[in-house]
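S.K.: Any chance you could fold what I've pasted below:
(chains A and B)
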Amino acid sequence: AQSVTQLGSHVSVSEGALVLLRCNYSSSVPPYLFWYVQYPNQGLQLLLKYTTGATLVKGINGFEAEFKKSETSFHLTKPSAHMSDAAEYFCAVSATGNTPLVFGKGTRLSVIA
Amino acid sequence: SAVISQKPSRDICQRGTSLTIQCQVDSQVTMMFWYRQQPGQSLTLIATANQGSEATYESGFVIDKFPISRPNLTFSTLTVSNMSPEDSSIYLCSATPGRAEAFFGQGTRLTVV
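M.R.: Predicted coordinates:
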């Protein structure tokens, strides 16, 4: 079975500050890991994914995440927060490319001017 | 990539009635997935829909309540039957057209009154 834990249901940062959203996973097989963003009243948009290969993954909008197998973590970072980054962020895991995703509970990011 | 069109985008329904949500993918996919996102919550998998076979439901979801059709490789429907206010949620369909990346529709925001 797979599971995802997102630490912090709400994170608040100042504009220009570092964004760090934490995600830990549990998986009995090498995982596929994802971060999605959901803006109000919209669907989910993929930020980035890790399948195999390089453990530092770069995504859209300046976000990146690092897969750390020893820590079973896949934390999402962005060096400088923008107001437009305010949204709900979901970490997700799957066993293969064709299995359904298991989502974390989500982290709401607020950006303060 | 894939574009998933989902409709309706929102609806307000009377309790006891049923609503059918449609999901159209712009490419052929083996499996499609239906998720529910209750207010302020994360996404929970309802069922997996393979073309040509019955959908596979997750624990807590039953076919009589959430019948699913999958008539071809680009289309699926989810019906929410005999609705109650507890069914008020966002319902999302998803597909993974290869390459370990799940795409989502914009969601159907359902309110049951």
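
S.K.: Every contact and neighbour count from this point should use C-alpha atoms.
M.R.: Fine.

S.K.: Which residue, neighbours along the chain excluded, lies closest to the residue nearest the centre of chain A?
M.R.: Chain A has residue A:35 as the residue nearest its centroid, 3.4 Å off, counting by CA atoms, centre = their mean. Spatially, and ignoring its direct neighbours in sequence, residue A:35 is nearest to residue A:91 (4.6 Å; CA to CA, 6 or more residues apart in numbering or on different chains).

S.K.: And residue B:88, by the same measure?
M.R.: Closest to residue B:88 by CA to CA, 6+ apart is residue B:111, at 4.6 Å.

S.K.: what number of residues lie near that neighbour?
M.R.: Around residue B:111 there are 19 other residues, counting by other CA atoms under 10 Å in any protein chain shown.

S.K.: Which strand residues bridge residue A:10?
M.R.: residue A:108 (DSSP bridges).

S.K.: Could you give the number of residues near it?
M.R.: Using other CA under 10 Å, residue A:10 is surrounded by 13 other residues.

S.K.: ok, it touching residue A:108?
M.R.: Yes: contact criterion CA atoms under 8 Å: residue A:10 and residue A:108 qualify, at 4.6 Å.

S.K.: Name the nearest residue to the residue lying farthest from the centre of chain A, ignoring sequence neighbours.
M.R.: Distance from the C-alpha centroid of chain A peaks at residue A:113, with 22.9 Å (CA atoms, centre = their mean). In space, not counting the residues next to it along the chain, residue A:113 is nearest to residue A:15; the distance is 5.3 Å by CA to CA, 6+ apart.

S.K.: check contacts around residue B:13.
M.R.: By CA atoms under 8 Å, 6 or more residues apart in numbering or on different chains, the contact set of residue B:13 is B:19, B:110, B:111, B:112, B:113.

S.K.: so who does the second one touch?
M.R.: Going by CA under 8 Å, 6+ apart, residue B:110 touches B:10, B:11, B:12, B:13, B:87, B:88, B:89, B:90, B:91.
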